[in-house]
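Novice: With the sequence up front, the predicted model follows.
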Amino acid sequence: MDAPAATTATTATTLAQLIVLLLWNLLAASTGMKHAIYSQVLFCEAVIEALLSSAGVVFAPGLFAVLTAASPPALAYFKSLPKHTYKIWGVYIIIMEKAGCKSRGYCGSGTAWLRGLITRWEDYDNGDMLPVYVQKSLDEGYSITSKGLLCWAPIPSAVMVPVIRVLFVALEAVFTFVFWMVNTKKTYSAAIWRICPWSQDTLEWDGLCSHSSLVELPRQNIPGLTPAAKQSIDKETVTRSLEWVTAYRVRQNRYKRESRARAKAADPIAYAQAAIDQQARFFSTIEDPRAYQNAVVSKSRAKSKAKDPHAYAQKARDTQKGFRAKQEDATGYGRAISQRCAAKAKAEGTYRCIACNLTFSRKPGLTRHNGRATHIAQVSKLARQA
(Lines give C-alpha, C1' and ligand atoms only; values in the text may rest on other atoms or scores of the structure.)
Protein backbone atom coordinates (compact mmCIF):
# COMPACT_ATOMS: atom_id res chain seq x y z
CA MET A 1 0.00 0.00 0.00
CA ASP A 2 1.42 3.40 -0.93
CA ALA A 3 1.38 6.13 1.68
CA PRO A 4 2.07 9.85 1.31
CA ALA A 5 5.08 11.33 3.07
CA ALA A 6 4.46 12.21 6.69
CA THR A 7 3.75 15.88 7.28
CA THR A 8 5.52 15.78 10.66
CA ALA A 9 8.92 15.80 8.95
CA THR A 10 8.21 19.22 7.45
CA THR A 11 7.06 20.81 10.72
CA ALA A 12 9.88 19.58 13.00
CA THR A 13 13.22 21.35 13.05
CA THR A 14 15.04 19.00 15.44
CA LEU A 15 15.15 15.23 15.86
CA ALA A 16 13.57 15.43 19.33
CA GLN A 17 10.63 17.43 17.95
CA LEU A 18 10.21 14.98 15.10
CA ILE A 19 10.17 11.96 17.45
CA VAL A 20 7.63 13.66 19.73
CA LEU A 21 5.36 14.46 16.77
CA LEU A 22 5.64 10.93 15.36
CA LEU A 23 4.90 9.35 18.72
CA TRP A 24 1.96 11.65 19.38
CA ASN A 25 0.50 10.96 15.92
CA LEU A 26 0.91 7.21 16.46
CA LEU A 27 -0.84 7.35 19.84
CA ALA A 28 -3.70 9.30 18.26
CA ALA A 29 -3.94 6.85 15.35
CA SER A 30 -3.86 3.78 17.61
CA THR A 31 -7.36 4.18 19.07
CA GLY A 32 -8.49 0.74 20.17
CA MET A 33 -5.00 -0.65 19.47
CA LYS A 34 -3.09 0.50 22.55
CA HIS A 35 -3.13 -0.23 26.25
CA ALA A 36 -4.74 2.39 28.49
CA ILE A 37 -1.44 2.98 30.31
CA TYR A 38 -0.07 5.00 27.38
CA SER A 39 -2.95 7.47 27.56
CA GLN A 40 -2.36 7.84 31.30
CA VAL A 41 1.42 8.39 31.13
CA LEU A 42 2.04 9.94 27.69
CA PHE A 43 -0.99 12.21 27.79
CA CYS A 44 0.51 15.23 25.94
CA GLU A 45 3.45 16.19 23.75
CA ALA A 46 5.09 18.22 26.52
CA VAL A 47 5.22 15.16 28.79
CA ILE A 48 6.80 13.05 26.04
CA GLU A 49 9.43 15.72 25.41
CA ALA A 50 10.14 16.04 29.15
CA LEU A 51 10.55 12.27 29.55
CA LEU A 52 12.94 12.08 26.59
CA SER A 53 15.04 14.81 28.18
CA SER A 54 14.96 13.49 31.77
CA ALA A 55 15.75 9.93 30.67
CA GLY A 56 18.74 11.14 28.68
CA VAL A 57 17.62 9.45 25.43
CA VAL A 58 20.26 9.60 22.70
CA PHE A 59 19.44 8.91 19.05
CA ALA A 60 21.62 7.27 16.44
CA PRO A 61 23.84 9.55 14.31
CA GLY A 62 22.22 10.68 11.07
CA LEU A 63 18.72 9.59 12.13
CA PHE A 64 17.16 13.02 11.51
CA ALA A 65 18.48 13.10 7.94
CA VAL A 66 17.21 9.58 7.34
CA LEU A 67 13.70 10.35 8.63
CA THR A 68 13.41 13.55 6.58
CA ALA A 69 14.85 12.11 3.36
CA ALA A 70 12.66 11.66 0.29
CA SER A 71 13.68 8.00 -0.09
CA PRO A 72 13.98 5.23 2.50
CA PRO A 73 17.37 4.27 3.94
CA ALA A 74 19.42 1.42 2.54
CA LEU A 75 20.19 -1.63 4.62
CA ALA A 76 23.72 -0.33 5.00
CA TYR A 77 22.39 2.38 7.32
CA PHE A 78 20.94 -0.16 9.75
CA LYS A 79 24.15 -2.18 9.63
CA SER A 80 26.12 0.96 10.58
CA LEU A 81 24.05 1.70 13.70
CA PRO A 82 25.82 1.74 17.10
CA LYS A 83 26.13 -1.61 18.84
CA HIS A 84 27.19 -0.80 22.40
CA THR A 85 25.13 -2.44 25.16
CA TYR A 86 26.80 -1.56 28.48
CA LYS A 87 24.25 -0.53 31.16
CA ILE A 88 21.74 1.00 28.76
CA TRP A 89 18.19 0.55 27.59
CA GLY A 90 17.56 0.83 23.90
CA VAL A 91 15.41 0.41 20.82
CA TYR A 92 17.16 -1.72 18.24
CA ILE A 93 16.88 -2.95 14.67
CA ILE A 94 17.72 -6.51 13.63
CA ILE A 95 18.51 -7.34 10.01
CA MET A 96 18.13 -10.91 8.76
CA GLU A 97 19.45 -12.07 5.39
CA LYS A 98 19.39 -15.15 3.19
CA ALA A 99 21.07 -15.60 -0.17
CA GLY A 100 18.70 -14.96 -3.07
CA CYS A 101 15.90 -13.63 -0.83
CA LYS A 102 14.70 -10.21 0.26
CA SER A 103 16.13 -9.06 3.59
CA ARG A 104 13.95 -8.89 6.68
CA GLY A 105 13.94 -6.50 9.62
CA TYR A 106 12.67 -6.49 13.20
CA CYS A 107 12.38 -3.62 15.68
CA GLY A 108 12.42 -4.30 19.42
CA SER A 109 13.44 -2.84 22.76
CA GLY A 110 15.53 -4.01 25.70
CA THR A 111 14.52 -2.69 29.13
CA ALA A 112 15.78 -5.24 31.66
CA TRP A 113 16.40 -3.37 34.90
CA LEU A 114 19.61 -5.02 36.16
CA ARG A 115 21.62 -5.52 32.96
CA GLY A 116 19.68 -3.57 30.38
CA LEU A 117 19.76 -4.14 26.63
CA ILE A 118 22.43 -6.86 26.68
CA THR A 119 19.95 -9.24 28.36
CA ARG A 120 17.66 -9.07 25.34
CA TRP A 121 20.47 -9.30 22.80
CA GLU A 122 21.81 -12.44 24.50
CA ASP A 123 18.39 -14.03 23.87
CA TYR A 124 19.03 -13.69 20.13
CA ASP A 125 22.52 -15.14 20.47
CA ASN A 126 21.20 -18.11 22.50
CA GLY A 127 17.97 -18.60 20.53
CA ASP A 128 15.76 -17.98 23.60
CA MET A 129 12.32 -16.30 23.61
CA LEU A 130 12.60 -15.12 20.02
CA PRO A 131 9.77 -13.21 18.31
CA VAL A 132 7.48 -15.41 16.25
CA TYR A 133 8.56 -14.28 12.79
CA VAL A 134 12.23 -14.02 13.73
CA GLN A 135 12.15 -17.67 14.77
CA LYS A 136 10.23 -18.56 11.61
CA SER A 137 12.84 -16.78 9.49
CA LEU A 138 15.66 -18.67 11.22
CA ASP A 139 13.80 -21.91 10.48
CA GLU A 140 13.61 -20.86 6.81
CA GLY A 141 17.37 -20.42 6.60
CA TYR A 142 17.75 -16.71 7.37
CA SER A 143 20.48 -15.55 9.72
CA ILE A 144 20.86 -12.44 11.86
CA THR A 145 23.54 -10.34 10.19
CA SER A 146 23.20 -7.10 12.14
CA LYS A 147 21.91 -5.65 15.43
CA GLY A 148 22.02 -1.88 15.88
CA LEU A 149 20.63 0.86 18.12
CA LEU A 150 18.22 3.57 17.00
CA CYS A 151 18.13 5.19 20.44
CA TRP A 152 19.34 4.46 23.94
CA ALA A 153 19.56 5.85 27.47
CA PRO A 154 21.22 4.90 30.78
CA ILE A 155 19.32 2.37 32.89
CA PRO A 156 17.00 4.58 34.99
CA SER A 157 16.70 4.62 38.76
CA ALA A 158 14.32 2.12 40.36
CA VAL A 159 11.59 4.69 40.93
CA MET A 160 11.66 5.77 37.27
CA VAL A 161 11.86 2.29 35.72
CA PRO A 162 8.09 1.86 35.09
CA VAL A 163 7.61 5.30 33.50
CA ILE A 164 10.71 5.17 31.29
CA ARG A 165 9.82 1.64 30.25
CA VAL A 166 6.48 2.93 28.96
CA LEU A 167 8.41 5.56 26.99
CA PHE A 168 10.78 3.00 25.43
CA VAL A 169 8.01 0.60 24.45
CA ALA A 170 6.24 3.54 22.79
CA LEU A 171 9.46 4.48 20.97
CA GLU A 172 9.72 0.87 19.80
CA ALA A 173 6.24 1.20 18.29
CA VAL A 174 7.18 4.48 16.57
CA PHE A 175 10.28 3.07 14.89
CA THR A 176 8.43 -0.13 14.00
CA PHE A 177 5.93 1.83 11.93
CA VAL A 178 8.29 4.55 10.70
CA PHE A 179 10.60 1.94 9.13
CA TRP A 180 7.64 -0.40 8.56
CA MET A 181 9.18 -3.39 10.30
CA VAL A 182 5.67 -4.83 10.30
CA ASN A 183 4.43 -8.16 9.04
CA THR A 184 1.72 -6.89 6.70
CA LYS A 185 -0.60 -9.87 7.26
CA LYS A 186 -2.23 -7.66 9.89
CA THR A 187 -4.38 -4.74 8.75
CA TYR A 188 -3.79 -1.21 10.02
CA SER A 189 -5.61 2.07 9.58
CA ALA A 190 -4.57 4.57 6.93
CA ALA A 191 -3.34 6.93 9.68
CA ILE A 192 -0.88 4.30 10.91
CA TRP A 193 0.26 3.54 7.37
CA ARG A 194 1.11 7.25 7.00
CA ILE A 195 3.52 7.11 9.96
CA CYS A 196 5.96 5.60 7.49
CA PRO A 197 7.11 8.56 5.32
CA TRP A 198 7.86 6.41 2.27
CA SER A 199 5.99 4.01 0.04
CA GLN A 200 6.29 0.53 1.57
CA ASP A 201 6.93 -0.87 -1.90
CA THR A 202 10.28 0.96 -2.03
CA LEU A 203 11.70 -0.58 1.15
CA GLU A 204 14.60 -3.02 0.83
CA TRP A 205 13.26 -5.23 3.62
CA ASP A 206 10.14 -7.06 4.80
CA GLY A 207 8.96 -6.53 8.37
CA LEU A 208 8.88 -9.22 11.06
CA CYS A 209 6.95 -7.50 13.88
CA SER A 210 3.68 -9.35 14.47
CA HIS A 211 1.90 -6.52 16.32
CA SER A 212 2.23 -3.03 17.71
CA SER A 213 4.06 -2.91 21.04
CA LEU A 214 1.44 -0.39 22.21
CA VAL A 215 -0.97 -3.27 22.91
CA GLU A 216 1.41 -4.56 25.58
CA LEU A 217 1.36 -3.61 29.26
CA PRO A 218 4.93 -2.82 30.35
CA ARG A 219 6.00 -4.63 33.50
CA GLN A 220 5.69 -3.05 37.00
CA ASN A 221 3.21 -0.52 38.34
CA ILE A 222 3.38 3.15 37.42
CA PRO A 223 3.92 5.40 40.48
CA GLY A 224 1.71 8.44 40.96
CA LEU A 225 -1.44 7.14 39.26
CA THR A 226 -4.70 7.95 41.01
CA PRO A 227 -6.95 5.09 42.18
CA ALA A 228 -9.46 6.04 39.48
CA ALA A 229 -6.78 5.83 36.78
CA LYS A 230 -5.58 2.45 38.07
CA GLN A 231 -9.17 1.16 38.12
CA SER A 232 -9.69 2.36 34.55
CA ILE A 233 -6.51 0.63 33.41
CA ASP A 234 -7.41 -2.61 35.21
CA LYS A 235 -10.91 -2.58 33.69
CA GLU A 236 -9.61 -2.01 30.17
CA THR A 237 -6.96 -4.70 30.67
CA VAL A 238 -9.61 -7.26 31.61
CA THR A 239 -11.88 -6.21 28.75
CA ARG A 240 -9.10 -6.32 26.14
CA SER A 241 -7.87 -9.66 27.49
CA LEU A 242 -11.32 -11.21 27.17
CA GLU A 243 -11.71 -9.78 23.66
CA TRP A 244 -8.32 -11.12 22.66
CA VAL A 245 -9.01 -14.59 24.09
CA THR A 246 -12.39 -14.73 22.34
CA ALA A 247 -10.92 -13.63 19.01
CA TYR A 248 -8.03 -16.08 19.41
CA ARG A 249 -10.39 -18.99 20.05
CA VAL A 250 -12.49 -18.05 17.02
CA ARG A 251 -9.38 -17.96 14.82
CA GLN A 252 -8.10 -21.27 16.21
CA ASN A 253 -11.45 -23.01 15.75
CA ARG A 254 -11.73 -21.71 12.18
CA TYR A 255 -8.18 -22.86 11.43
CA LYS A 256 -8.89 -26.34 12.84
CA ARG A 257 -12.11 -26.66 10.85
CA GLU A 258 -10.39 -25.61 7.64
CA SER A 259 -7.44 -27.95 8.27
CA ARG A 260 -9.75 -30.89 8.93
CA ALA A 261 -11.78 -30.09 5.81
CA ARG A 262 -8.63 -29.97 3.65
CA ALA A 263 -7.33 -33.25 5.09
CA LYS A 264 -10.69 -34.96 4.59
CA ALA A 265 -10.99 -33.73 1.01
CA ALA A 266 -7.44 -34.84 0.18
CA ASP A 267 -7.82 -38.41 1.49
CA PRO A 268 -11.13 -39.34 3.18
CA ILE A 269 -9.98 -42.87 4.09
CA ALA A 270 -6.73 -41.70 5.69
CA TYR A 271 -8.61 -38.92 7.49
CA ALA A 272 -11.11 -41.38 8.98
CA GLN A 273 -8.34 -43.78 10.00
CA ALA A 274 -6.35 -40.96 11.62
CA ALA A 275 -9.43 -39.97 13.63
CA ILE A 276 -9.92 -43.57 14.78
CA ASP A 277 -6.24 -43.88 15.72
CA GLN A 278 -6.32 -40.62 17.64
CA GLN A 279 -9.36 -41.73 19.60
CA ALA A 280 -7.75 -45.10 20.30
CA ARG A 281 -4.57 -43.43 21.57
CA PHE A 282 -6.60 -41.20 23.84
CA PHE A 283 -8.67 -44.00 25.36
CA SER A 284 -5.59 -46.20 25.76
CA THR A 285 -4.43 -43.81 28.48
CA ILE A 286 -7.67 -44.25 30.43
CA GLU A 287 -8.22 -47.26 32.68
CA ASP A 288 -11.98 -47.45 32.10
CA PRO A 289 -13.03 -45.65 28.87
CA ARG A 290 -16.72 -46.33 29.39
CA ALA A 291 -16.65 -44.91 32.91
CA TYR A 292 -14.73 -41.87 31.61
CA GLN A 293 -17.29 -41.22 28.87
CA ASN A 294 -20.14 -41.57 31.37
CA ALA A 295 -18.41 -39.13 33.73
CA VAL A 296 -17.93 -36.57 30.95
CA VAL A 297 -21.55 -36.84 29.87
CA SER A 298 -22.80 -36.65 33.47
CA LYS A 299 -20.67 -33.58 34.16
CA SER A 300 -21.91 -31.86 31.00
CA ARG A 301 -25.52 -32.65 31.84
CA ALA A 302 -25.15 -31.45 35.42
CA LYS A 303 -23.63 -28.19 34.20
CA SER A 304 -26.45 -27.62 31.70
CA LYS A 305 -29.08 -28.49 34.29
CA ALA A 306 -27.62 -26.09 36.87
CA LYS A 307 -27.44 -23.30 34.30
CA ASP A 308 -31.07 -23.54 33.17
CA PRO A 309 -33.18 -26.42 34.60
CA HIS A 310 -36.23 -25.66 32.42
CA ALA A 311 -34.24 -25.53 29.19
CA TYR A 312 -32.43 -28.72 30.20
CA ALA A 313 -35.73 -30.55 30.83
CA GLN A 314 -37.19 -29.36 27.53
CA LYS A 315 -34.06 -30.43 25.65
CA ALA A 316 -34.24 -33.88 27.28
CA ARG A 317 -37.88 -34.24 26.19
CA ASP A 318 -37.06 -33.14 22.66
CA THR A 319 -34.13 -35.55 22.50
CA GLN A 320 -36.28 -38.45 23.68
CA LYS A 321 -39.01 -37.58 21.19
CA GLY A 322 -36.49 -37.39 18.37
CA PHE A 323 -34.96 -40.73 19.38
CA ARG A 324 -38.35 -42.43 19.34
CA ALA A 325 -39.16 -40.95 15.96
CA LYS A 326 -35.86 -42.26 14.57
CA GLN A 327 -36.58 -45.68 16.05
CA GLU A 328 -39.97 -45.79 14.38
CA ASP A 329 -38.51 -44.66 11.09
CA ALA A 330 -35.76 -47.28 11.31
CA THR A 331 -38.25 -50.02 12.17
CA GLY A 332 -40.53 -49.08 9.29
CA TYR A 333 -37.62 -48.85 6.89
CA GLY A 334 -36.30 -52.26 7.99
CA ARG A 335 -39.70 -53.85 7.65
CA ALA A 336 -40.12 -52.49 4.14
CA ILE A 337 -36.68 -53.77 3.09
CA SER A 338 -37.47 -57.20 4.56
CA GLN A 339 -40.78 -57.42 2.76
CA ARG A 340 -39.22 -56.52 -0.59
CA CYS A 341 -36.49 -59.14 -0.16
CA ALA A 342 -39.02 -61.81 0.82
CA ALA A 343 -41.23 -61.07 -2.18
CA LYS A 344 -38.24 -61.23 -4.50
CA ALA A 345 -37.05 -64.56 -3.05
CA LYS A 346 -40.50 -66.11 -3.35
CA ALA A 347 -40.93 -64.93 -6.94
CA GLU A 348 -37.55 -66.34 -7.95
CA GLY A 349 -38.09 -69.61 -6.04
CA THR A 350 -34.96 -69.17 -4.01
CA TYR A 351 -36.36 -71.17 -1.07
CA ARG A 352 -38.46 -73.92 -2.79
CA CYS A 353 -39.31 -77.45 -1.66
CA ILE A 354 -39.52 -79.54 -4.84
CA ALA A 355 -40.92 -82.58 -3.07
CA CYS A 356 -43.90 -80.70 -1.67
CA ASN A 357 -44.10 -78.14 -4.49
CA LEU A 358 -43.98 -75.24 -2.00
CA THR A 359 -42.11 -71.89 -2.19
CA PHE A 360 -41.06 -69.84 0.86
CA SER A 361 -40.12 -66.20 1.13
CA ARG A 362 -37.36 -66.80 3.69
CA LYS A 363 -34.83 -69.49 4.46
CA PRO A 364 -36.08 -70.11 8.05
CA GLY A 365 -39.50 -71.02 6.61
CA LEU A 366 -37.95 -73.67 4.33
CA THR A 367 -35.86 -75.01 7.21
CA ARG A 368 -38.89 -75.42 9.47
CA HIS A 369 -40.83 -77.10 6.64
CA ASN A 370 -38.07 -79.64 6.04
CA GLY A 371 -38.35 -80.78 9.66
CA ARG A 372 -42.08 -81.35 9.62
CA ALA A 373 -43.69 -84.84 9.40
CA THR A 374 -45.69 -84.00 6.26
CA HIS A 375 -42.50 -83.14 4.37
CA ILE A 376 -40.71 -86.25 5.62
CA ALA A 377 -43.69 -88.43 4.65
CA GLN A 378 -43.83 -86.88 1.16
CA VAL A 379 -40.10 -87.45 0.64
CA SER A 380 -40.49 -91.11 1.74
CA LYS A 381 -43.46 -91.59 -0.63
CA LEU A 382 -41.51 -90.23 -3.57
CA ALA A 383 -38.56 -92.46 -2.70
CA ARG A 384 -40.77 -95.61 -2.74
CA GLN A 385 -42.31 -94.60 -6.06
CA ALA A 386 -38.89 -94.18 -7.55
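Specialist: Thanks, I have it. As the structure is a prediction and not an experimental result, all values here were calculated from the model. Numbers count the residues shown, from 1 in each chain.

Novice: For the closest residue to Tyr312 other than its chain neighbours, pull up the helix or strand it's in.
Specialist: Ranked by Cβ to Cβ, 6 or more residues apart in numbering and with sequence neighbours excluded, the top spatial neighbour of Tyr312 is Lys305, at 4.3 Å. Heads up, the C-betas are built off the backbone N, CA and C, glycines and all. Assessed by DSSP states H and E, Lys305 sits inside helix 289-307.

Novice: Thr176 now?
Specialist: Under the assignment here (DSSP H and E), Thr176 is part of helix 161-178.

Novice: Give the next helix or strand downstream of that helix.
Specialist: Sequence order places helix 190-193 as the next helix or strand after helix 161-178, per DSSP H and E.

Novice: Tell me which stretches of the stretch 51-200 of the chain form helices.
Specialist: 63-67, 75-79, 117-126, 132-139, 161-178, 190-193 (DSSP state H, counting those that start in this stretch).

Novice: Ile269 is nearest to which of the ones you listed?
Specialist: With distances scored as Cβ to Cβ, the stretch of these nearest to Ile269 is helix 132-139 (31.9 Å).

Novice: Let me see the mean pLDDT of that closest one.
Specialist: Model confidence over helix 132-139, given as mean pLDDT, is 94.

Novice: buried sites along that helix?
Specialist: By 16 or more other Cβ atoms under 10 Å, the buried positions in helix 132-139 come out as Tyr133, Val134, Ser137, Leu138.

Novice: cool, and stretch 342-359?
Specialist: Under the neighbour-count rule (16+ other Cβ under 10 Å), stretch 342-359 has Ala342, Ala345, Lys346, Thr350, Tyr351, Cys353, Ala355, Cys356, Thr359 buried.

Novice: Need these in JSON lines (columns: secondary structure, pLDDT and distance to Gly105).
Specialist: JSON lines is the format used below for those (DSSP: H, G, I helix; E, B strand; the rest coil; pLDDT from 0 to 100; distance: Cβ to Cβ, whole Å):
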{"residue": "Ala342", "secondary structure": "helix", "pLDDT": "78", "distance to Gly105": "79"}
{"residue": "Ala345", "secondary structure": "helix", "pLDDT": "79", "distance to Gly105": "79"}
{"residue": "Lys346", "secondary structure": "helix", "pLDDT": "80", "distance to Gly105": "83"}
{"residue": "Thr350", "secondary structure": "coil", "pLDDT": "85", "distance to Gly105": "80"}
{"residue": "Tyr351", "secondary structure": "strand", "pLDDT": "86", "distance to Gly105": "83"}
{"residue": "Cys353", "secondary structure": "strand", "pLDDT": "88", "distance to Gly105": "91"}
{"residue": "Ala355", "secondary structure": "coil", "pLDDT": "85", "distance to Gly105": "96"}
{"residue": "Cys356", "secondary structure": "coil", "pLDDT": "88", "distance to Gly105": "95"}
{"residue": "Thr359", "secondary structure": "strand", "pLDDT": "86", "distance to Gly105": "88"}
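
Novice: Need the max-distance pair from these.
Specialist: Longest distance between any two of those is 21.9 Å, between Ala342 and Ala355; criterion Cβ to Cβ.

Novice: that older thread, can you tell me what sits against the helix holding Lys305?
Specialist: Defining contact as Cβ atoms under 8 Å, 6 or more residues apart in numbering, one finds that helix 289-307 is touched by Phe283, Ile286, Ala311, Tyr312, Lys315.
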